[in-house]
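Novice: Here is a sequence with its predicted model. Questions after.
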Amino acid sequence: VGLLEVVLEPDLSCGEEAATAVRELQLILQALGTSQANMAEGQLRVDANISVHHPGEPLGVRTEVKNLNSIRFLAKAIDYEIQRQINELENGGEILNETRSFHYQLGCTMSMRDKEGKQDYRFMPEPNLPPLVLYDATSLPAGADPQQVINIDQIRETLPELPSVTRERLVQQYGMLLEHSFTLLNEVGLLEFFQNVIKETRAEPKKVTSWVLNTFLGYLKQQNLAVSESPVTPSALAELLDLLDSRTISSAAAKQVFEELWKREGKTPGQIVSEKQLELMEDRGALEQLCHSMMEAHPQVVMDLKKGNPRAINKLIGLVRKATQSRADPAMIKEILEKKLSS
Amino acid sequence: MLGRTLQEVSAALKQGQITPTELCQKCLSLIKKTKFLNAYITVSEEVALKQAEESEKRYKNGQSLGDLDGIPVAVKDNFSTSGIETTCASNMLKGYIPPYNATVVQKLLDQGALLMGKTNLDEFAMGSGSTDGIFGPVKNPWSYSKQYREKRKQNPHSKNEDSDWLITGGSSGGSAAAVSAFTCYAALGSDTGGSTRNPAAHCGLVGFKPSYGLVSRHGLIPLVNSMDVPGILTRCVDDAAIVLGALAGPDPKDSTTVHDPINKPFMLPSLADVSKLCIGIPKEYLIPELSSEVRSLWSKAADLFESEGAKVLEVSLPHTSYSIVCYHVLCTSEVASNMARFDGLQYGHRCDINVSTEAMYAATRREGFNDVVRGRILSGNFFLLKENYENYFVKAQKVRRLIANDFVNAFNSGVDVLLTPTTLSEAVPYLEFIKEDNRTRSAQDDIFTQAVNMAGLPAVSIPVALSNQGLPIGLQFIGRAFCDQQLLTVAKWFEKQVQFPVIQLQELMDDCSAVLENEKSASVSLKQ
């Protein structure tokens, strides 16, 4: 297996920036299929070189920090080391050009001074690898066998969609915010989940975005699950959103259904809605009737309302809703009540 | 039949004069008879007979695969052969059975050749005598030839014949002995500093080293990646060309093979005359250590070309005197790198110590490698140290470039082919050879051959005549890169002119039992 070494310029300024850069690199490598770039499994290793200096002055002495096996620790280690170096210099000390190891339990870097001298690897250039010459469309030699030369323009055409392009596309196509697109890409498997829901539902993309990023992701995070471990499939969520979209159920009911789905009892959203009788009440007439009787049953509340207490209407809405076992759309209840009150 | 050329036998097979199975059995029988030569480490009898059976079917159906179908061949034991032990004559790989065939082996098998066995060599191809492997030294069949024996009888001091047996040269001595003793028609060797050409010269054979990049090294257990090539040993030039035709060509598994070789070799034309040819004689190759007999033959050869109308020029390869040292630095550096893979973890020998990984590596490698290998690893490690890298390794690479340029300049001055000796003298007795250590011998014996490896050029050793002792002497032709066909064409013309005699081994067959007796008393124990 080949080893690929990527060196970034010394123009990153804090742990978060470095972490973001590494995360983006991971996404690119994954999109290309070059590597799974999983840091915990050592597929991607990151060493950080850190130095501090006053603005306008040249770069200070750098230390190298190793033993970083997650992006979170990378950020932590960098921020710690920056602070350590600043403290050291402000106290009149100096920074040694050394290698330090990050100790994640203690949250600090420590000198690896126990290593006896530097390792001499005794490398020599690998004779089995001939020189690698890269061409582009303009520099390609005439009559060159396309199988034998590397034309970067040709390779560029065959590249899969890279993360930054994907994010742009998501924003354009689904009208989501850029930060939403970042979240979708940053969580493993989430983009695919999202796209599968989009495929199967009639609901508006914005609705899908909201449900996936808020509700779905929220549940995952709460129980520390990966997308692949989700009890709710894209089809199930799509079905649920269809029910919502067709106004068969209210959004409150939808949340309830979602919670049921999460219990992994094998029921479809349709089944849950039936069982729990969560269908929205269609009959406006019946609802008006109910509002009327509720107003009659609670004259005090109506009095409060007429006096100008805005919160009273919520109480009324709540009472009506309860009477309908949450099957009525609160918006409709409000509308009917307000109509009645004004008449 | 066994004394015929590959071309002749191939024709005989096609015409049904002999079957592949008969041929195979003859060779197997001769291998048994000549076991005392120690040419073979593994004889793959069952495999060969099965291949012979399949070849026979093909001939019966008129569907022979070509000139190599049904032809017995042997392969040096540093080429990986699937299912057949591959040892490199080292404890490190004793019992190692590769799961794949080297590309060149596969190509031979695809052409229907019969694999008679794996031949003996110096451990990991390090050496110029085929004397330093764990299975013991290889004996030169010419030790038992009528030509040599008769000269020995004339010598009043001739002792017990077999204690004076001669080396084959190395490191592909087993392959050379196998072909020379008629147990096969062609054998694969390897050539890093002369390991195919040297034993060819000592055993009276054609030893061909192709241009670097013409033949795939995939499956050849590497010694020096930038200099190794598979080599071909045969009894005549046409045979070598047939084998080369089967082997040459790009291989995706070896990224140092070239994709558009300028001259894809096939049937060699017979040169009518050499009047358009220009032969170069490098003056730096005339050294005091060169035996007078070889020098004389070299001179006669040059005269021969001239008398037949060719232009013969003296040329200069000014950096020749640096080439041994340069070769030594680069070779040992690559060896230090290449031998690192032998750590006992996944294949090969592993020691019993399991106190720590480092202890395991150390003991495994101490037990697995002989002194020669370990010496080269240590040297290479020294040259690759940070403080030495510039002064030794990089410097040697620069000198290598100068040496390669010497050849380019010589060829650019109108020379088609260079003519040089192959070895300093004829084969010497084993007891004489072991008086100096491997490193000294290699440095001496590689002198005419290793610059060619550094420049990646094609070269071939052709047997010219017998010495006063009745032993073969060969001369070397060196060609332009990828002009292998032209080189072999010139060599073929020369071969026809000199008419080198066939080795007479009748006595060997008759005296077989007597020799075996002597062999027991003459055996020498090897240091480990």
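Specialist: Thanks, I have the structure now.
Novice: The residue in the stretch 1-150 of chain B positioned nearest to chain A: neighbouring residues, count only.
Specialist: Across the stretch 1-150 of chain B, the shortest distance to chain A (CB to the nearest CB) belongs to residue B:103, at 13.9 Å. Bear in mind the C-beta positions are built from the backbone N, C-alpha and C, glycine included. Using other CB atoms under 10 Å in any protein chain shown, residue B:103 has 24 other residues around it.
Novice: And for residue B:385?
Specialist: 12.
Novice: Residue A:135 and residue A:141 touch, don't they?
Specialist: Yes: under the criterion of CB atoms under 8 Å, residue A:135 lies in contact with residue A:141, with a separation of 7.3 Å.
Novice: which of those two has more neighbours?
Specialist: Between residue A:135 and residue A:141, residue A:135 has the larger neighbour count (other CB under 10 Å), namely 15 against 8.
Novice: Which pLDDT does the model give the more buried one?
Specialist: At residue A:135, the model reports a pLDDT of 94.
Novice: mind listing what it touches?
Specialist: By CB atoms under 8 Å, 6 or more residues apart in numbering or on different chains, residue A:135 lies in contact with A:141, A:144, A:149-152.
Novice: what do you get for residue B:406?
Specialist: Taking CB under 8 Å, 6+ apart, we find residue B:406 in contact with B:316-320, B:455.
Novice: Which of those sits closest to chain A?
Specialist: residue B:455 (14.7 Å).
Novice: The closest residue in space to that closest one that isn't next to it in sequence is in what secondary structure piece?
Specialist: Spatial nearest neighbour of residue B:455, excluding adjacent residues (CB to CB, 6 or more residues apart in numbering or on different chains): residue B:404 at 4.1 Å. Applying DSSP states H and E as the criterion places residue B:404 in helix B:395-412.
Novice: So which bits of that helix are buried?
Specialist: For helix B:395-412, a neighbour-count test (16 or more other CB atoms under 10 Å in any protein chain shown) marks B:395-397, B:399-400, B:403-404, B:406-407, B:410-411 as buried.
Novice: Stretch A:178-187 now?
Specialist: Neighbour-count burial for stretch A:178-187 flags A:180-185, A:187 (criterion: 16+ other CB under 10 Å).
Novice: quick one: contacts of it?
Specialist: In contact with stretch A:178-187 (CB under 8 Å, 6+ apart) are residues A:23, A:27, A:163, A:166-168, A:170-171, A:176, A:190-191, A:194, A:209, A:212-213, A:217, A:220, A:227.
Novice: Tell me how far the helix holding residue B:404 lies from the chain's centre.
Specialist: Offset of helix B:395-412 from its chain centre (CA atoms, centre = their mean, to the nearest Å): 24 Å.
Novice: what ranges do the strands span in chain A?
Specialist: Ranges of strands in chain A, per DSSP state E, are A:48-50, A:63-66, A:99-103, A:108-111, A:134-135, A:150-151.
Novice: ok, and for the third one, which residues are buried?
Specialist: When you say that, I think you mean strand A:99-103. A:99-102.
Novice: just checking, what packs against the helix or strand where residue B:11 lies?
Specialist: In the assignment (DSSP H and E), residue B:11 maps to helix B:6-15. Judged by 3 or more CB pairs under 8 Å, 6 or more residues apart in numbering or on different chains; DSSP states H and E, the packing partners of helix B:6-15 are helix B:20-33, helix B:45-60, helix B:237-247.
Novice: which of those helices is buried the deepest?
Specialist: helix B:237-247 (a mean of 24; mean count of other CB atoms under 10 Å in any protein chain shown).
Novice: From the contact counts, what lies against whichever helix or strand comes after it?
Specialist: The helix or strand immediately downstream of helix B:237-247 is strand B:278-282, counting by DSSP H and E. Helices and strands touching strand B:278-282, as assessed by 3+ CB pairs under 8 Å, 6+ apart, comprise helix B:292-307, strand B:311-315, helix B:395-412, strand B:417-421.
Novice: how about the helices and strands packed on helix B:6-15, which one is nearest residue B:359?
Specialist: Nearest to residue B:359, of all those, is helix B:45-60, at 39.2 Å by CB to CB.
Novice: quick one, the closest one and helix B:20-33 angle?
Specialist: 150 degrees (axes from the mean of the first three to the mean of the last three CA atoms, to 10 degrees).
Novice: For chain B, list the residue farthest from the centre, please.
Specialist: Within chain B, residue B:355 marks the point farthest from the mean C-alpha position, 41.5 Å out by CA atoms, centre = their mean.
Novice: Next one: it relative to residue B:363, how far apart?
Specialist: 9 Å (CB to CB, to the nearest Å).
Novice: picking that back up, so the residue of the stretch 1-150 of chain B closest to chain A sits right up against residue B:218, yeah?
Specialist: Yes: using CB under 8 Å, residue B:103 makes contact with residue B:218 at a distance of 4.4 Å.
Novice: Which residues are in contact with each of those two?
Specialist: B:251, B:253-254.
Novice: Which among those residues count as buried?
Specialist: Here, 16+ other CB under 10 Å leaves B:251, B:254 buried among these.
Novice: thinking again about what came up before, restricted to buried residues, select the contacts of residue A:135 in ChimeraX.
Specialist: Buried members of the contacts of residue A:135, defined by 16+ other CB under 10 Å, are picked up in ChimeraX with:
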select /A:151
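Novice: from the contacts of residue A:135, which has minimum pLDDT?
Specialist: residue A:144 (79).
Novice: Return the residues in contact with it.
Specialist: Taking CB under 8 Å, 6+ apart as the test, what residue A:144 contacts is residue A:135.
Novice: Sounds good, over and out.
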